[in-house]
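Asks: Build me a structure from this.
(3 chains)
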Amino acid sequence: MALSTNNVLLASNISVQFGGLLAVNDVTFGIPEKSVVSLIGPNGAGKTTFFNVITGLYKPSSGTVNYDGTDTTDLPPHKIAALGMARTFQNIRLFGLMTAEENLLVAMHSHLKSGILATIVGTPSQRKEEKESLDRAREILDFVGIGKWAGEYARNLSYGDQRRLEVARALALNPKVLLLDEPTAGMNPQESQVFIDFVYKVRAERDVAILLIEHDMKVVMSVSERVTVLDQGEKIAEGTPDEIRSNQRVIEAYLGKAKGGK
Amino acid sequence: MEVSGASLVGLLLIIWLGVNLIKAPTQFAQVSVLGLRNGLLYALIALGYTLVYGIIELINFAHGDLFMLGALFSSYFITIWFHQKESNLAGWITFGFALIGSMLFCGTINVLIERFAYRRLRRAPKLAPLITAVGMSFLLQFIGIKWNGSTPRQWPTVIPHGDFVVAGVIISQVTLILILVAAPLLSVLTYVVNKTKRGKAMRATAQDQDAARLMGINVNKTISFTFAIGGALAGAAGLLYQQSVGTTNYNLGFQLGLIAFTSAVLGGIGNLNGAVLGALLIGVVQGLNDGLPIALGQRWSQTVVFTILILILVIKPAGLLGKVTTEKV
Amino acid sequence: MARSSQRKWVTGYLIAVAAIFIIYQFLFPWEGLPIGIYDFLQLWLPPTAVNESLVYVICALGLNIVVGYAGLLDLGYVAFWAIGGYCAGWFMSEFFYQINLHFFGSVARTAPGIHVNFWGVLLIGGLVCAFFGILIGGPTLRLKSDYLAIVTLGFGEIIPQVFFNGDDIAGFNLSNGTKGITILDPIPVGAKNIGPFDFGYKFIIFVLLAALMVFISLRLRKGKLGRAWLAIREDELAASMMGVPLMQTKLSAYAVGAFAGGLGGVAFATHVDGVYAERFNFSISIFLLAMVVLGGMGNVWGVIIGALLLSWINSTGLPAFGTTFNDKFGTSINFPSFTFLLFGLVLILMMLYKREGLIPESRLRLILHEGDAEEDLTSKESK
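Replies: So this is what the prediction gives:
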């Protein structure tokens, strides 16, 4: 296994149990620095559950998560986020009644130092800090290509721009790992292609490793360096896109699923 | 830490009860009986909270006031419309019809409230239906003021008020009547929810509205039905309260509603047995606090109940019989 | 653009404040005022009602931070009002006659009791309330939003009951029970002492307090904390995933909101020159909620208008209308009892049809962000 390389994130022997149901069973998974890796599997394979363990929303029944040298298994989500683990959501979860730039400023919350009194009084350092973070927010918005919507409410943006805003908001955390949960859901092939290019751009220009949960095989195969397949909570395969494509167990898992239900 | 908090509270409770039991055993039994009687009333109201919360996750703040309207309706029905002022056969028959009338009356109001207010807000952020429910509570209190007047009102009662004495403990006939009316209602409710098709639809809707809809369940109808049952129970409670206490006031529902809600939370909100258990417990604790020699006494009654509420929510939010829920992503 | 629009609001308020001050400080007590005008003012806009409405503004702005900004439903806000009030009662009167403690007080040094300077008591009241806000919020803010509503409601019931029964807590007289604490020290401003009937000067003091709350609200809203509050209101889970500590952020909303409640409580105590336990009832919490809802949750200017309007209707408008109506038509309808109907309807109808409030924050902010064309459009639309 490729675990000996410099993993910025390493989840070891993760199991998650809901009541009697074993949603994730002893999965070990690493993300090398500045890589693009994907997590795939049929519906109900435990991908999102695994995601939620990494980001601290669920505590695993057993196993540990190590992020950039810190054991984050028992940390609350906001602390993990503050360390630089950023995510997007399957069904977009922006702060709808806040402007695009405010959405980014929220993500910078953990980096800002001004206290409540400094904010009320408006001390020079607080003003400077606000100005700097606003500049940074604008810069990131420009980077993802929605700079002109900085002052617009998030909920007024188009679907594609909302996806971009979610990525921008995640980038505002200054992440080392960016977790994208089905980012091309609801996109047509052209839009997906644009998004693939965008992922490349993010990886190239921002020192960040990307973990992708994706249904669209075309996206997964074209963008990932390494693919991990989950089925019924277990890791059944791991390798390069080509290896995965020809893996018998993966084919069975998907076809079997296709036969069973629709 | 949470477990130790709970056991500490439990331990203090047991010590307090023990000391009182040794000091005044008869009095202890006496106030327990009184407490159980009140608890039965609370149970009827608490079920309305728990049914509604179970199905649409809304704290129906107006429910206590619905109970108040039930009490007013019963007063008017028996005393003013049918002129019954004494405990005789005619009075008892009127009492029977008043029970049906009050249940229909409150059930209908509750269904209307759901239909014209809560239903429109089912997909809205949670704050909206909650605030609406608070507004509804004020609206019903307004009806109460106009109907009852702004001061407490005394009514003649038609149920027998004699007493039995069992081993030195006085048990009033009112208590027996309360049991005679409430127990069958509770059994019918349990039967409806657990054994009938409607009940099955209710449970399915409570778990997942969309899935229930896909399974061909008429979700709107099921929710209306739930409000109807909850309202009807409040109506019954209104009649029983009015007949056993004999006084009505427009803000009656506020206090009793909160006590009933506390009961529902104590038992585990959404759980029918829990609501009854919680209500009986709260009734007894309140009775003990009001009547025991070593206790804070009646003027702290409300504080005691609310402290219990806050303690449960902090120590064991799921209640005695409830289940913990987690948020979906 | 943002500044010019805000300046309009501020200018408008300043003019209104100056006009009201002149009327009540000079015109109203003036013997030469035509009797008709005097009666009219006394009936429709008595000075006590004006000052009381400002107390509501202060508290509504505090509640707005909790409900409007952070999206936490608080149904027991009256508790903070009560605590603030008793702080004034304890530290600005002869109630604790056993002690003789003066701290820049406005009464003679020989007077028994604790006599702290009004401005100091404001700070104490605010801080004590903030402390209680954290105390009650700490264990309960973890709960789901609807449970939180119930716990705050319980808190709002317990605190007044404690004061109500507080004349004998294990032998100690904490609150003087139903009799309440009366006769508070006057408010010292420079060399002058402002007593309970100096409506004009007290009006200015209350305006300043309200302005302080406006300033705090607006400054916090624009900064780190305000954004975190809004983010929690919009999507709690996403906020925590973006590094916002939920408990700490909610607690701070509670503390700031409670602080305002304390200011309002102290102000109200000086307004009625005393503290009376039975005045702190559940209705006040709901009145305040209705003010926030009517004005538009999260919108400072809207909440001010909502508070002024509803408070006036409750204290003056409805009774005055009732008197006029009953005189004219010879009826004897009890109009003040219609407050229940009114406040109930405000809450229900606003939630059903205009959840963003009469002056919604979103629209205001759209005005602030886009050009004057948009502003013309909206002003036309709202007419």
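
Asks: Please make it C-alpha for all contacts and neighbour counts, starting now.
Replies: Fine.

Asks: Tell me the buried residues in the lengthiest helix in chain B?
Replies: The single longest helix within chain B, with elements called by DSSP state H, is helix B:25-56. Going by neighbour count (16 or more other C-alpha atoms under 10 Å in any protein chain shown), the buried part of helix B:25-56 is B:27-56.

Asks: Return the mean pLDDT over stretch B:159-168, rounded to an integer.
Replies: Mean pLDDT, computed over stretch B:159-168, is 77.

Asks: Output it as CSV, nothing but the C-alphas.
Replies: The C-alpha coordinates for stretch B:159-168 follow below in CSV (Å, rounded to 0.1, in the frame of the first residue of the first chain):
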residue,chain,number,x,y,z
ILE,B,159,-69.8,15.1,39.7
PRO,B,160,-69.9,13.6,43.2
HIS,B,161,-67.5,15.1,45.6
GLY,B,162,-67.7,12.5,48.5
ASP,B,163,-64.6,10.8,50.0
PHE,B,164,-63.6,7.2,50.8
VAL,B,165,-61.1,6.6,53.6
VAL,B,166,-58.6,3.8,53.0
ALA,B,167,-56.2,3.1,55.9
GLY,B,168,-56.4,6.7,57.0
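
Asks: in the sheet, who's paired with whatever residue of the stretch 101-250 of chain A ends up closest to chain B?
Replies: Nearest residue of the stretch 101-250 of chain A to chain B: A:Asp181, at 11.0 Å (C-alpha to the nearest C-alpha). Per DSSP bridges, the residues bridged to A:Asp181 are A:Ile213.

Asks: wait, it sits on A:Asp216?
Replies: No. A:Asp181 is beyond contact range of A:Asp216, at 11.9 Å (criterion: C-alpha atoms under 8 Å).

Asks: The two: which is more packed in?
Replies: A:Asp181 (22 against 16; other C-alpha atoms under 10 Å in any protein chain shown).

Asks: Now do the helices in the stretch 51-200 of chain A.
Replies: Along the stretch 51-200 of chain A, the stretches classed as helices by DSSP state H, counting those that start in this stretch are A:77-83, A:100-107, A:116-121, A:124-144, A:159-171, A:189-205.

Asks: right, so those helices: which one is the most enclosed?
Replies: helix A:100-107 (a mean of 29; mean count of other C-alpha atoms under 10 Å in any protein chain shown).

Asks: Specify the local secondary structure of A:Leu211.
Replies: Secondary structure assignment for A:Leu211 (DSSP: H, G, I helix; E, B strand; the rest coil): strand.

Asks: Show the pLDDT at it.
Replies: 91.

Asks: That one contacts A:Val177, correct?
Replies: Yes. The pair A:Leu211 and A:Val177 qualifies as a contact (C-alpha under 8 Å) at a distance of 7.4 Å.

Asks: so where's the chain shaky on pLDDT?
Replies: Picking chain A for this. A:1-5, A:255-262 (pLDDT under 70).

Asks: Not quite, go with chain C.
Replies: C:1-6, C:30, C:360-383.

Asks: For chain A, see how far away the residue of it positioned farthest from its centre is.
Replies: Distance from the centre of chain C peaks at C:Gly330, with 36.5 Å (C-alpha atoms, centre = their mean). According to C-alpha to the nearest C-alpha, to the nearest Å, C:Gly330 stands 52 Å off from chain A.

Asks: tell me the phi and psi of B:Tyr241?
Replies: phi -60, psi -50 (degrees, to the nearest 10).

Asks: next one: C:Asn165
Replies: According to degrees, to the nearest 10, C:Asn165 has phi -90, psi 10.

Asks: who are the neighbours in contact with the residue nearest to it when sequence neighbours are not counted?
Replies: Nearest non-adjacent residue to C:Asn165, counting by C-alpha to C-alpha, 6 or more residues apart in numbering or on different chains: C:Gly177, 5.3 Å away. The contact partners of C:Gly177, by C-alpha atoms under 8 Å, 6 or more residues apart in numbering or on different chains, come to C:163-168, C:277.
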